[in-house]
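Colleague: from the sequence below, what's the structure:
(one chain, ligands or ions: 3)
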Amino acid sequence: MFFIGDHKYRNQGAQPLTDSVYSKGRWMLNFKAGSLFPRTNMTNFTKLDDFLTRNRQQHLEQLFELLRIPSISADSTKSSDMDRAAHWVADRFRDAGLKTELIPGDGPALVYAETDPVPGKPVVLVYGHYDVQPADPIDLWKSPPFAPEIRDGNIYARGSTDDKGQMLTHVLSVLAWKACGEKLPLQVKFLIEGQEEQGSEVLEAKLPEIAKRLACDVIVISDSSQYAKGQPAITYGLRGIAYFELRVHGPKMDLHSGSFGGAVTNPALALARILTEIKTADGRIQLPGFYDSVVELEPSEREMWQSLGFSDDRFAESLGVDALTGESGYTTLERRWARPTFDVHGLLGGYQGEGGKTVIPSWNGAKISFRLVPNQDPKTVGEQLRRFIAEHTPPGVRVEVIDLHGGRGVVVNPDSKYMKGAVEAVEEGFGVKPVLIREGGSIPIVAQMVDALECDVLLIGWGLDDDGAHSPNEKFCLEDFYRGIRASSRLWHHLAR
Ligand code: BES
Ligand code: MN
Ligand code: MN
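Modeller: Numbers count the residues shown, from 1 in each chain. Ligands and ions are numbered 1, 2, ... in the order given. Below is the predicted model:
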């Protein structure tokens, strides 16, 4: 069993644990009690480390270049920027002499590149995404979202943490090996897509066709977070997602609510009823059969997370809420990382303008999603939702359910032979032993890739929960960018052993 704090790299860049919501308690990596991770001989890396130190400014400038491209996959007017971003990534690979390909599809292109094969050694596939979420609400940004800026040690820009900054750490580390004239100890393949934030349709469609090219032993993804500032983590689970739009259709036109109110079903009210019936106040989802395939938490997992010393009070305070709510019988971390939930993301239709307007809207809608856990299937949830809605639709309205996207959750095999190398690389990059966590976010294509390629997966995120991913003023800690590059540069070595 390992305890944080007894390692020799502590002073090489790792920041002390702050008194954050995540701190206190004992930090341990006990997924395999008794196993020892021998430290590498650091001197092998002097040349690489020197190169990384000398090129910090150059690496930052590269990230800034990519961050300046507004590659918003949700915005159909941005398709030339999607193209520019794809080409920018491909050009980095080409400049470094990697075999590189832009794979076109019905949407943003996939960028594929590979280093030379190394017989007898594992093949690694790095997955990441060059697309970003929309930047609105723009007026809440302190600096423009696509004009990256450093403030108090953070890189502020849309995509800085999700996922351009994190993804680039692996690109830059492979380029560093090459620039140093070092032969990579294993083959690294890259698949960088431009539609992750919209459900990865292009990749999903192309997967059967390109699976042979992608063949690998392990997928490496940096598109998630550390446990806390100064406490890196290896993530061994992600939630899945099933995303829908509901449209409740009422009268064929907006009606004067004085003349007609009381005589027809108001679509907004019908929608509100349906939405509140889906989840009870104590967090239980009411779709019949919804929990049938849910894998319950292991007592050992619950124990391990308990030891992380998470503070509900500080968490609530950091979010500006006066209470935390959710499914009863589970802690906050359990609810966020390993329990399914239901959320409403936006309400559509009706009068949204200035002042008052007395209408019964002709229609109202909602964007909704379920976060799923192993072994829930988004298709099954869709069927359960349709059945539930059919039974809960009041007379006088019709409800349309539109599938937006979905993906299954992921659990990583903690006994995977690649886990040990990841732990070592992260420790050497960040100066602190990583803890094992799960996370609540989703990378919808991962489960399908793992199935199609029959490989392991490593989720090693360099972000922080307070990075503001998908929010205004998204940031990525500058030092974590450099630590991520260093960890990545070590990863190739450790995975090859
Ligand atoms: N990088 C995130 C996924 C993530 C977030 C992993 C937090 C771990 C912690 C990814 O870019 C993302 O935002 N995914 C979406 C998927 C959706 C748009 C299909 C998500 O989780 O909402
Ligand atoms: Mn992401
Ligand atoms: Mn995202």
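
Colleague: now stretch 380-391 - C-alpha only, PDB.
Modeller: Taking Å, rounded to 0.1, in the frame of the first residue of the first chain, the C-alpha atoms of stretch 380-391 are listed here in PDB:
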ATOM      1  CA  THR A 380     -32.300   0.200 -23.600                       C
ATOM      2  CA  VAL A 381     -32.700   3.400 -21.600                       C
ATOM      3  CA  GLY A 382     -34.200   5.100 -24.700                       C
ATOM      4  CA  GLU A 383     -36.800   2.300 -25.000                       C
ATOM      5  CA  GLN A 384     -37.600   2.700 -21.300                       C
ATOM      6  CA  LEU A 385     -37.900   6.400 -21.600                       C
ATOM      7  CA  ARG A 386     -40.300   6.100 -24.600                       C
ATOM      8  CA  ARG A 387     -42.500   3.700 -22.700                       C
ATOM      9  CA  PHE A 388     -42.500   5.800 -19.600                       C
ATOM     10  CA  ILE A 389     -43.400   8.900 -21.500                       C
ATOM     11  CA  ALA A 390     -46.200   7.200 -23.400                       C
ATOM     12  CA  GLU A 391     -47.700   6.200 -20.000                       C
END
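
Colleague: if you count neighbours, what's buried in that stretch?
Modeller: Neighbour-count burial for stretch 380-391, counted by 16 or more other CB atoms under 10 Å, picks out 380-382, 384-385, 388-389. (C-beta placed from N, C-alpha, C; glycine too.)

Colleague: could you dump those residues into JSON lines with secondary structure and pLDDT added?
Modeller: Shown next, in JSON lines, are the buried residues of stretch 380-391 (DSSP: H, G, I helix; E, B strand; the rest coil; pLDDT from 0 to 100):
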{"residue": "Thr380", "secondary structure": "helix", "pLDDT": "98"}
{"residue": "Val381", "secondary structure": "helix", "pLDDT": "98"}
{"residue": "Gly382", "secondary structure": "helix", "pLDDT": "98"}
{"residue": "Gln384", "secondary structure": "helix", "pLDDT": "98"}
{"residue": "Leu385", "secondary structure": "helix", "pLDDT": "98"}
{"residue": "Phe388", "secondary structure": "helix", "pLDDT": "98"}
{"residue": "Ile389", "secondary structure": "helix", "pLDDT": "98"}
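
Colleague: next one: Asp377 from Gly441, what distance?
Modeller: For Asp377, the distance to Gly441 equals 19 Å [CB to CB, to the nearest Å].

Colleague: oops, could you answer that again for His345 instead?
Modeller: 14 Å.

Colleague: which of Asp377 and Gly441 has more neighbours?
Modeller: When Asp377 and Gly441 are compared for neighbours, Gly441 comes out ahead with 19 against 16, by other CB atoms under 10 Å.

Colleague: any stretches of the stretch 201-350 of the chain with poor pLDDT?
Modeller: Applying pLDDT under 70 to the stretch 201-350 of the chain flags no residue at all.

Colleague: now the strands for it?
Modeller: 218-221, 233-238, 240-249, 255-256, 341-349 (DSSP state E, counting those that start in this stretch).

Colleague: helices or strands up against the fourth one?
Modeller: If contacts are counted by 3 or more CB pairs under 8 Å, 6 or more residues apart in numbering; DSSP states H and E, strand 255-256 sits against strand 359-360.

Colleague: following the strand it packs on in sequence, what is the next regular element?
Modeller: Toward the C-terminal end, the helix or strand that comes next after strand 359-360 (DSSP states H and E) is strand 363-372.

Colleague: so that next one versus strand 233-238, what angle?
Modeller: For strand 363-372 and strand 233-238, the angle between their directions (axes from the mean of the first three to the mean of the last three CA atoms, to 10 degrees) works out to 120 degrees.

Colleague: now strand 363-372: how far from the chain's centre is it?
Modeller: Taking CA atoms, centre = their mean, to the nearest Å, the mean C-alpha location of strand 363-372 is offset from the chain mean by 20 Å.

Colleague: by how many degrees do it and strand 341-349 diverge?
Modeller: Orientation check (the same axes, to 10 degrees): strand 363-372 against strand 341-349 gives 160 degrees.

Colleague: residue of the stretch 301-450 of the chain closest to ligand 1, please.
Modeller: Gly441 (2.3 Å; CB to the nearest ligand atom).

Colleague: now do that residue, the pLDDT please.
Modeller: According to the prediction, Gly441 has pLDDT 98.

Colleague: could you tell me the end-to-end distance of stretch 368-379?
Modeller: Distance between the two ends of stretch 368-379: 15 Å, counting by CA to CA, to the nearest Å.

Colleague: for stretch 141-149, same thing?
Modeller: Using CA to CA, the two ends of stretch 141-149 sit 12 Å apart.

Colleague: what is the neighbour count of the residue of the stretch 351-497 of the chain found nearest ligand 2?
Modeller: Residue nearest to ligand 2 within the stretch 351-497 of the chain: Ile443 (6.6 Å; CB to the ion). Counted with other CB under 10 Å, residues neighbouring Ile443 total 26.

Colleague: host element of it?
Modeller: Of the helices and strands defined by DSSP H and E, none includes Ile443.
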